[in-house]
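In: 3D, please:
(chains A, B, C and D)
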There are 2 protein chains.
Amino acid sequence: MMDARKFRILQAIIDDYILTAIPVGSRTISKKYEMGLSSATIRNEMSDLEELGYLDQPHISAGRVPSAKAYRLYVDQLLQAGKIHSADAASIRDHFSQRAGKMEDVINRAAQVLSNVTHYTSLVMSPRGGEMRIRNIQLVPVSSATALLVIVTDNGIVRDTVIHVDSDLDADALYTLSRMLTERLAGRTLSEAMETLQGMSREFAQKRALLEGIGDLVTDVENQQEKGRLAFAGPSNILNFPEYNDVEKARAFLSLLETKDALVKLLEQHQNVAFTVRIGPETGVPELRECSLVTATYSLGDFTHGTIGVIGPTRMEYGRVLSILSAMGEQLTRLFAQDKE
Amino acid sequence: MMDARKFRILQAIIDDYILTAIPVGSRTISKKYEMGLSSATIRNEMSDLEELGYLDQPHISAGRVPSAKAYRLYVDQLLQAGKIHSADAASIRDHFSQRAGKMEDVINRAAQVLSNVTHYTSLVMSPRGGEMRIRNIQLVPVSSATALLVIVTDNGIVRDTVIHVDSDLDADALYTLSRMLTERLAGRTLSEAMETLQGMSREFAQKRALLEGIGDLVTDVENQQEKGRLAFAGPSNILNFPEYNDVEKARAFLSLLETKDALVKLLEQHQNVAFTVRIGPETGVPELRECSLVTATYSLGDFTHGTIGVIGPTRMEYGRVLSILSAMGEQLTRLFAQDKE
DNA sequence: GTTAGCACTCGTTTTGTGTGAGTGCTAACA
DNA sequence: TGTTAGCACTCACACAAAACGAGTGCTAAC
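Out: Numbers count the residues shown, from 1 in each chain, chains lettered A, B, ... in the order given. The predicted model follows:
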């Protein structure tokens, strides 16, 4: 079975592999990491570790490489040891001083900072809108047939889209309508608002089309077209790692990012846990077989959570990434809290 | 000197190289392209063409590769022969049926379509705001200290940002203020608006801070932070081309895209010509030494122009790209025109 | 249980050798 | 004078063989 010494050796192997990306041999461990053991002993232990499924051997005359199972152990240990000290918190705070506002801007900026600090590819997902409470709704005339619908939530978050309106509505009419909408919908969650809107469209038959249009839109905002909720930054960072020296792999990875769908799905899973580490095959996405995805959440009100994450090679600096994500999550949570009067 | 036959041969070489990306030899030309000439003759001509600077030889026992000068000739011929028939116009219209609205959405969507159709990396740049005329300005309350400033131009384009406001302004006050602003600024260009705003901030001393804030913002919108004006799509398309099989090159290219700055500069040059083709070194950007940048413009009102473009390897399908860009430019121009009542 | 020693494995690097596409040149031909 | 056939020559590339060496597993001694 797995004793303390084996574990120490495994850890050394993982550390070294994370650093160098080349299979690590028994000699390396016994020399670079002072174990007080000869390479032969290490060799025996490594043989055991391989049998236990923690190490893989690319070929018989090469060193060993940590398996997904090994990283899993490593990360679990990291997580439970609570080694996630927000060391980089300060640096993140420096780079990320912003106030809430347009959700899109916030997540883009956050992704930017995250990829700059980690040097990996970063992902930031805004929360579903469903739980947010409406503070204010306003229609701004654009052309004779369109208006900009602005929805402000009580987190100080703004979302807007251009919609069709009846052409007989001038600026003042729209403003009156906006006031009425705000009056009736303020304080409700978006989900509740939709029901109310349906009721209203019965009440005010003549404005039915418009109200239903708005209703549809609120739905849209609620399940905001998934793709729009995801921001990423630093896609080309993955090319810094030798495991992506193969252009085919790189292309697959980048295409995956560009499409977004798969990532959105991944980030939507496990939204209720503070940290998630999915290693290689654990992601369930073939293109990410050699990647790890580390995520954390931030909160925005009591029930609404967003996700931030980092994608990199399986030999990721998990410790550092986890602490950075933790700091960033706190930062985002604070950002949204401060704006909630 | 360059006679008609040499030109035909050069054209054949370019066509072949664009297709295959492998250096083309004399035999290929005499067989695949029916010239009625033997390979030996072609060889002589090719030798001349090389001396004239139109062909390069990667090494002595390989075929020839067109030089930047050759592409230049090829493209010039293409342009003056007016071969840019909007063949793909229909297909673009299908993929790109949208109405004006948020500028950001429009350019993103356009970039998406452009990269889908061409299979190259696409660039779409929105025009500077300076020449656009204001139709409507509105402030929407967000939190007690912030508001969303929405500016609608007479092209039906919406731009908005969150700004600070005095905390003693409630929704109605903001609306009143909005009406006043609209009344005074409607019909003016953004540049003119700024002057008016300065005047106003003298007139209404108590609102000075806010008005100046808005003024600053209009400036911002005017020279909208350059980066925000550029959208691109399909960055990983470049990896489809064998000349970017080298990961280092690919990384340099992608980083360049992510940073945006250099591209913005490139697209800002020559905004007054319908088409631009910059081949390899002509771009002046070292990372694009092996790329060509083809651009076209679209117009938005009489004096305001935006740029769309495509980046690919120097052996680009210039003809096809030019005609697609032309179609797309028309499409965008029409889009903005239709919304201008 | 640990370690030195050693034979063995096998990917990587180096070296060597064809192979063939393509060239330039010359000489004959129309 | 322009075109073409023929031929020697070049050189990247593909492939095989050989040398290398990092790393292993096993055995025997401590």
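In: can you map out the strands along the stretch 51-200 of chain A?
Out: Secondary structure of the stretch 51-200 of chain A (DSSP state E, counting those that start in this stretch): strands at A:55-56, A:65-66, A:121-125, A:134-141, A:146-153, A:158-164.
In: now the last one: mean pLDDT?
Out: Right, the one you point to is strand A:158-164. What strand A:158-164 shows for mean pLDDT is 82.
In: same question, the second one
Out: When the per-residue pLDDT values of strand A:65-66 are averaged, the result is 96.
In: so how far is that strand off the chain centroid?
Out: Here strand A:65-66 is found 27 Å from its chain centre; the criterion is CA atoms, centre = their mean, to the nearest Å.
In: about what we covered before: output the strands of the stretch 51-200 of chain A as TSV; include the columns distance to DNA strand C and mean neighbour count.
Out: Where C-beta positions appear, they are placed from N, C-alpha and C, glycine not excepted. Below are the strands of the stretch 51-200 of chain A laid out as TSV (distance: least, CB to the nearest atom of the strand, whole Å; neighbours: other CB atoms under 10 Å in any protein chain shown):
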stretch	distance to DNA strand C	mean neighbour count
strand A:55-56	13	20
strand A:65-66	12	23
strand A:121-125	26	27
strand A:134-141	59	24
strand A:146-153	54	25
strand A:158-164	51	20
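In: point out where the stretch 51-200 of chain A drops to low pLDDT.
Out: Applying pLDDT under 70 to the stretch 51-200 of chain A picks out residues A:82-88, A:97-100, A:167.
In: around DNA strand D, pick out the residues from it.
Out: Selection of the stretch 51-200 of chain A residues close to DNA strand D by CB under 7 Å from any atom of the strand yields A:Gln57, A:Ile60, A:Ser61, A:Ala62, A:Gly63, A:Arg64.
In: could you check the pLDDT of the nearest residue to the fourth one once chain neighbours are set aside?
Out: Spelled out, that is A:Ala62. Distances taken as CB to CB, 6 or more residues apart in numbering or on different chains place A:Pro23 nearest to A:Ala62, at 4.7 Å, with adjacent residues excluded. With respect to pLDDT, A:Pro23 has a value of 95.
In: just checking the helix or strand containing A:Leu325 against chain B, any contact.
Out: Using DSSP states H and E, A:Leu325 maps to helix A:318-338. No. Among the residues of helix A:318-338, none lie within reach of chain B under CB under 8 Å from any CB of the partner chain; the closest is 9.6 Å away.
In: what angle do that helix and strand A:121-125 make?
Out: 30 degrees (axes from the mean of the first three to the mean of the last three CA atoms, to 10 degrees).
In: need the contact list for the nearest residue to A:Ala171 once chain neighbours are set aside.
Out: Spatial nearest neighbour of A:Ala171, excluding adjacent residues (CB to CB, 6+ apart): A:Pro141 at 5.0 Å. A:Pro141 makes contacts with A:Ala147, A:Val165, A:Leu169, A:Asp170, A:Ala171, A:Leu174, B:Asn136, B:Val152, as judged by CB atoms under 8 Å, 6 or more residues apart in numbering or on different chains.
In: roughly how far apart are A:Pro141 and DNA strand D?
Out: Separation of A:Pro141 from DNA strand D (CB to the nearest atom of the strand, to the nearest Å): 63 Å.
In: partner residues bridging that residue?
Out: Beta bridges link A:Pro141 to A:Ala147, judged by DSSP bridges.
In: cool, A:Thr297 as well?
Out: The partner list for A:Thr297 in beta bridges (DSSP bridges) reads A:Thr307.
In: so it touches A:Glu268, yeah?
Out: No. Using CB atoms under 8 Å, A:Thr297 makes no contact with A:Glu268, being 11.5 Å away.
In: who touches both of those two?
Out: Jointly contacting A:Thr297 and A:Glu268 under the rule CB under 8 Å, 6+ apart are A:Thr307.
In: the two: which is more packed in?
Out: When neighbours are counted by other CB atoms under 10 Å in any protein chain shown, A:Thr297 and A:Glu268 differ, and A:Thr297 comes out ahead with 24 against 14.
In: residues in contact with that one?
Out: A:Gln271, A:Asn272, A:Val273, A:Ala274, A:His305, A:Gly306, A:Thr307, A:Ile308, A:Gly329.
In: what two of these are the furthest from one another?
Out: The span of the contacts of A:Thr297, defined through CB to CB, is set by A:Asn272 and A:Ile308 at 14.8 Å.
In: which one's more surrounded, those two?
Out: Each of A:Asn272 and A:Ile308 has its neighbours counted (other CB under 10 Å); A:Ile308 has more, 26 against 7.
In: give me the distance between that one and A:Gly329.
Out: Distance of A:Ile308 to A:Gly329, computed by CB to CB, to the nearest Å: 6 Å.
In: shared neighbours of the two, anything?
Out: Taking CB under 8 Å, 6+ apart as the contact rule, the neighbours common to A:Ile308 and A:Gly329 are A:Ala296, A:Thr297, A:Tyr298.
In: could I get the residues you listed as a markdown table with pLDDT and distance to DNA strand C?
Out: Below are those laid out as a markdown table (pLDDT from 0 to 100; distance: CB to the nearest atom of the strand, whole Å):
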| residue | pLDDT | distance to DNA strand C |
| --- | --- | --- |
| A:Ala296 | 95 | 36 |
| A:Thr297 | 94 | 40 |
| A:Tyr298 | 93 | 42 |
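In: same list (those) but as CSV, adding distance to B:Gln112.
Out: Putting those into CSV (distance: CB to CB, whole Å) gives the following:
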residue, distance to B:Gln112
A:Ala296, 30
A:Thr297, 30
A:Tyr298, 29
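In: closest one of those to chain B?
Out: Using CB to the nearest CB, A:Tyr298 comes nearest to chain B of the shared contacts of A:Ile308 and A:Gly329, at 18.8 Å.
In: and the closest residue to that closest one other than its chain neighbours, what pLDDT?
Out: In this structure, A:Tyr298 finds its nearest non-sequential neighbour in A:Leu332, 3.8 Å apart by CB to CB, 6+ apart. Listed pLDDT for A:Leu332 reads 90.
In: please apply the same query to the one 4 residues further on.
Out: Confidence at A:Phe336, expressed as pLDDT, is 82.
In: not counting residues beside it along the chain, what's closest to it?
Out: Spatial nearest neighbour of A:Phe336, chain neighbours left out: A:Leu300 (4.4 Å); criterion: CB to CB, 6+ apart.
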